[in-house]
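K.L.:
build me a model from this:
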Amino acid sequence: MRRFWVFVGALLIIISFVLSPVCLASPAVSGEKEAIKKLPKKYRKWLEEVTYIITKKEREAFLSLKSDKMRDKFIELFWKMRDPTPGTKKNEFKEEFYKRFEYANKFLGRETYKPGWKTDRGRIYILLGPPRDIQRFDNTQYTYPIELWHYDSGGLPGLPAFFHLIFFKRNGVGEFVLYDPMRDGVEELLLPSMTLDRGLGVAYQLLRQVSPELARAALSLDDGEPVDFYSLHPSLASTVLLGKIATLPERLIHSDYVDNFLKGIPTVRVEYSYRLITLSSSLNTFRDELGNYFLHFALGVEPKNVSLGKYKDKYYGAFEIIGDISDLNGKIIAKINDEVELNLSEEEFKKVRSSSFVFEGKKVILPGRYRVKLYLRNNVSREYGVVEGTIDVPEPSSDLVQVSTPLLAFKVLKPNRRYSDKRKPFEVGNFLFLANPISLFPQGSKLYLFYQVYLPREGSISPYSLSARYDILQQKKLISSEEEFLGSYYSGKEKVFNIVKPIPLSFPPGEYQLKVVVISGGKEIAETKPISFTISPYPKLPAPYIYAKDFPPGFSSLYNYQRGKEYLALGKREEAEREFREALKKNGDFVAARKELVQLYLDGKKYKEVIDLLEPVVLKSPNDYEILMALGLSYRGLGEYYDAIRYYERARMVKGRDAPVGLLNQLGEVYQKSGNLKKAKEIFELSLKKKANQPLITKKLEEIKKKLNSG
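P.N.:
The predicted structure is shown next:
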């Protein structure tokens, strides 16, 4: 019988070695080592960092790549395939990995010359994360220094619900190494004087005096496995457990994506197509108290299309709102680009599932008529919807009353804000409207109509002569009409009315249209297009889940900058210049506005204005290449060559050996014009060395050489 157990023990030791984490994690063969040596340093470093989590197939594929571009793409895909919340900006797996890696290096390599990640404790910490509990046995009379780590599986595949890992200093020196019950045995944990000729039973009892939990774990690392306390034979399950920990990365990721990557086929998880979903929308333009026009938009998604991911106990979503505003000729004058990331509790998620989802935003806009196209992309579920519409932003009229597109809201709030506070979309004057792009209202409730009336500039129409009629139609038939006096809405200052009208919905369920008609002296002078809405047979509907960011108040320099960009797109350079100047006046550190203004000045050869604008700034940013080049160009344009040389030379110093040919040619020219032909020759020769085929520069260089030789 004893010979049988000796055979089994020897066999298990062999199995233990084959499944040994060290064996599995070790890099390969000499051919692989040579391939790693040939990698650029940053890729060798990355491959080292991910040694414990990269699969064999991924490692081989990475080493087969021939270009840095492909390596960068592979690394990006490597992390994406492990992202537990795909579609969001944040990759929790990657963040957690590097947090563990840093901890291992900082704390788990102190007893050795190795970096912490190369130790057994570092490897386990990187693979499994921090244990639930650590018991340390540093100064016992029976054992070498020992650490007992207690883990639960945390849902990791193939691992028992609860287990222990033991690290000990073999012979009491060096680093902590991972204990394997089959390979090491209980006696390896004890001082030699404690186990000398005393047998396994005494060794176990001594270890039990130190800690019963430690003694049990020394026989079996799996807390759920029964232990043979009579024979005290170590557990095979422990060896299997250690092997499963070492091969965990192979079970956490399907490496098949590597084949597609190598063949140039897009990976399904990362690149697959989006599915089209239906969106509802509200597109409204309103004027604020400062006279700025804004496009306010709301995109509604039906509950069945609100797809969120789940990570741990949270639901998450990652959405993009992308779009453009173009004139009627198709010229894009403004772009909309926003990202929304959501993290919802179980309760919040249930509310979302029972109602619609509404994304709101706004954009400053110039007077005119435009087409708006907006996409809403759900990057988690790979779904998208698109809406299109035409908006009218009225130019101030000298003699006409104008009306904005009405908004139908399900609720109106009156936020208590200061002048400098930020504003939400659909916040106009003293009102904040909760938009209802789906335009579905319960029977017996109220909808809130909001619109603006703009008076003519010349004051030919009295504000107190105006009234409005609200026509409700069904299948083009008038079923209700109500008129009200508008003079009470007039503030007495601005030539604009902000009108909020509650409309009771006492009609039967069905589809309706609402139209606003403005009347003066009994004459209809303006009207809106009919807006559709639906009355539901249900007396109550859940309120939509609204996501809306805060936006700066109307006086913000950001809006001057955005209007300047829109004027540029429309070819109105003077108006654009005015807006950029105003943006800089409000915020002297507005870099983007300064760059746009500098470019306008350079295009118009207003070199003096460029110098006045940039000279004070260059003192704060002496190595800003764009500023230095603009100043060099401006002084060159004014014929002040010594100052031009000063800034061009500084720009050249900033770029060093990477100084572009264009800079060298401009510098050579100002040296030539300043009379310094030797320096001009040197600079032009350097330019031609970088780019040989430059006929004009070659000709200039020949002329300079002739003059130098004749002189």
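
K.L.:
show me where the stretch 201-350 of the chain has its strands.
P.N.:
When assigned using DSSP state E, counting those that start in this stretch, the strands of the stretch 201-350 of the chain occupy the ranges 275-276, 279-287, 293-301, 309-311, 314-327, 332-344.

K.L.:
which strands and helices lie in contact with the first one?
P.N.:
In other words, strand 275-276. strand 383-393 (3 or more Cβ pairs under 8 Å, 6 or more residues apart in numbering; DSSP states H and E). (C-beta placed from N, C-alpha, C; glycine too.)

K.L.:
residues in contact with residue 364?
P.N.:
Residues in contact with residue 364 (Cβ atoms under 8 Å, 6 or more residues apart in numbering) are 292, 293, 294, 295, 559, 562, 563, 566.

K.L.:
which among the residues you listed count as buried?
P.N.:
Buried members of these, scored by 16 or more other Cβ atoms under 10 Å, are 292, 293, 294, 295, 559, 562, 563, 566.

K.L.:
who's in contact with the second one?
P.N.:
Applying Cβ under 8 Å, 6+ apart, one finds that residue 293 lies in contact with 285, 286, 287, 364, 365, 366, 367, 393.

K.L.:
try 6 Å
P.N.:
285, 287, 365, 393 (Cβ atoms under 6 Å, 6 or more residues apart in numbering).

K.L.:
can you tell me which of those residues is nearest residue 131?
P.N.:
Residue 131 lies nearest to residue 365 out of those, by Cβ to Cβ, at 57.1 Å.

K.L.:
tally of neighbours for that closest one?
P.N.:
Counted with other Cβ atoms under 10 Å, the neighbours of residue 365 add up to 22.

K.L.:
now, which of the contacts of residue 364 sits nearest residue 131?
P.N.:
Once Cβ to Cβ is applied, the member of the contacts of residue 364 that ends up nearest residue 131 is residue 562, at 52.7 Å.

K.L.:
host element of the closest one?
P.N.:
Element membership for residue 562 (DSSP states H and E) is helix 557-569.

K.L.:
what ranges does the stretch 151-300 of the chain have for its helices?
P.N.:
In the stretch 151-300 of the chain, the segments counted as helices under DSSP state H, counting those that start in this stretch are 192-195, 199-210, 212-219, 236-246, 248-252, 257-263, 268-271.

K.L.:
with mean neighbour count and mean pLDDT added, can I get those helices in a markdown table?
P.N.:
Output for the helices of the stretch 151-300 of the chain, formatted as a markdown table (neighbours: other Cβ atoms under 10 Å; pLDDT from 0 to 100):
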| stretch | mean neighbour count | mean pLDDT |
| --- | --- | --- |
| helix 192-195 | 14 | 76 |
| helix 199-210 | 17 | 89 |
| helix 212-219 | 20 | 94 |
| helix 236-246 | 21 | 89 |
| helix 248-252 | 17 | 86 |
| helix 257-263 | 16 | 82 |
| helix 268-271 | 13 | 39 |
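
K.L.:
okay, the ones you listed in JSON lines with distance to residue 303 next?
P.N.:
Output for those, formatted as JSON lines (distance: least, Cβ to Cβ, whole Å):
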{"stretch": "helix 192-195", "distance to residue 303": "68"}
{"stretch": "helix 199-210", "distance to residue 303": "59"}
{"stretch": "helix 212-219", "distance to residue 303": "50"}
{"stretch": "helix 236-246", "distance to residue 303": "42"}
{"stretch": "helix 248-252", "distance to residue 303": "33"}
{"stretch": "helix 257-263", "distance to residue 303": "33"}
{"stretch": "helix 268-271", "distance to residue 303": "26"}
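
K.L.:
before we move on, the earlier item: let me know the closest of the contacts of residue 293 to residue 145.
P.N.:
The nearest one, if we look at the contacts of residue 293 relative to residue 145 and count by Cβ to Cβ, is residue 365, at 70.5 Å.

K.L.:
the closest residue to residue 294 other than its chain neighbours bridge partners, please.
P.N.:
Of all residues not flanking residue 294 in the chain, residue 362 sits nearest, at 4.9 Å (Cβ to Cβ, 6 or more residues apart in numbering). Beta bridges link residue 362 to residue 296 when assigned by DSSP bridges.

K.L.:
ok, residue 362 to residue 552 distance?
P.N.:
Separation of residue 362 from residue 552 (Cβ to Cβ, to the nearest Å) stands at 11 Å.

K.L.:
looking at these two, which is more packed in?
P.N.:
Neighbours of residue 362 and residue 552, each counted by other Cβ under 10 Å, are more numerous for residue 362; the result is 22 against 13.

K.L.:
thinking again about what came up before, from residue 577, how far out is the residue nearest to residue 294?
P.N.:
Counting by Cβ to Cβ, the gap from residue 362 to residue 577 is 25 Å.

K.L.:
shaky segments in the protein?
P.N.:
Under the criterion pLDDT under 70, the flagged ranges of the chain are 1-30, 195-197, 265-274, 711.

K.L.:
gap between the residue positioned nearest the centre of it and residue 380?
P.N.:
Nearest to the geometric centre of the chain sits residue 89, at 3.6 Å (Cα atoms, centre = their mean). Distance, residue 89 to residue 380, by Cβ to Cβ: 12 Å.

K.L.:
next: residue 591.
P.N.:
For residue 591, the distance to residue 380 (Cβ to Cβ) stands at 34 Å.

K.L.:
and the two? Which one has more around it.
P.N.:
Between residue 591 and residue 380, counting by other Cβ under 10 Å, residue 380 is the more crowded of the two (21 against 14).

K.L.:
could you look up the SS state of that one?
P.N.:
Following DSSP: H, G, I helix; E, B strand; the rest coil, residue 380 is assigned to coil.

K.L.:
which strand residues bridge the residue lying closest to residue 170 once chain neighbours are set aside?
P.N.:
Counting by Cβ to Cβ, 6+ apart, residue 170 lies nearest to residue 177, which is 5.6 Å off, once chain neighbours are set aside. Counting by DSSP bridges, residue 177 is bridged to residue 168.

K.L.:
can you report how many residues neighbour residue 177?
P.N.:
Other residues lying near residue 177 total 17 when counted by other Cβ under 10 Å.

K.L.:
where's the residue nearest to residue 294 relative to residue 614, distance?
P.N.:
Residue 362 is 33 Å from residue 614, by Cβ to Cβ.

K.L.:
about what we covered before: check contacts around the residue nearest to residue 294.
P.N.:
By Cβ under 6 Å, 6+ apart, the contact list for residue 362 reads 294, 296, 425, 551.

K.L.:
give me every residue that touches the third one.
P.N.:
The reference is to residue 425. Residue 425 sits next to 296, 360, 361, 362, 548 when contact means Cβ under 6 Å, 6+ apart.

K.L.:
dump the contacts of residue 362 into TSV; add distance to residue 525 as well.
P.N.:
Below are the contacts of residue 362 laid out as TSV (distance: Cβ to Cβ, whole Å):
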residue	distance to residue 525
294	25
296	25
425	30
551	33
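
K.L.:
out of the residues you listed, which two sit at the greatest distance?
P.N.:
Farthest-apart pair in the contacts of residue 362 is 296 and 551; separation 10.1 Å (Cβ to Cβ).

K.L.:
looking at these two, which one has more neighbours?
P.N.:
Using other Cβ under 10 Å as the criterion, residue 296 and residue 551 rank with residue 296 on top: 23 against 19.

K.L.:
surely that one touches residue 426?
P.N.:
Yes. Checked against Cβ atoms under 6 Å, the pair residue 296 and residue 426 is within contact range at 5.0 Å.

K.L.:
pull the number of nearby residues for the nearest residue to residue 490 once chain neighbours are set aside.
P.N.:
For residue 490, ignoring the flanking residues on the chain, the nearest one in space by Cβ to Cβ, 6+ apart is residue 463 at 4.2 Å. Look at residue 463: counted by other Cβ under 10 Å, it has 19 neighbours.
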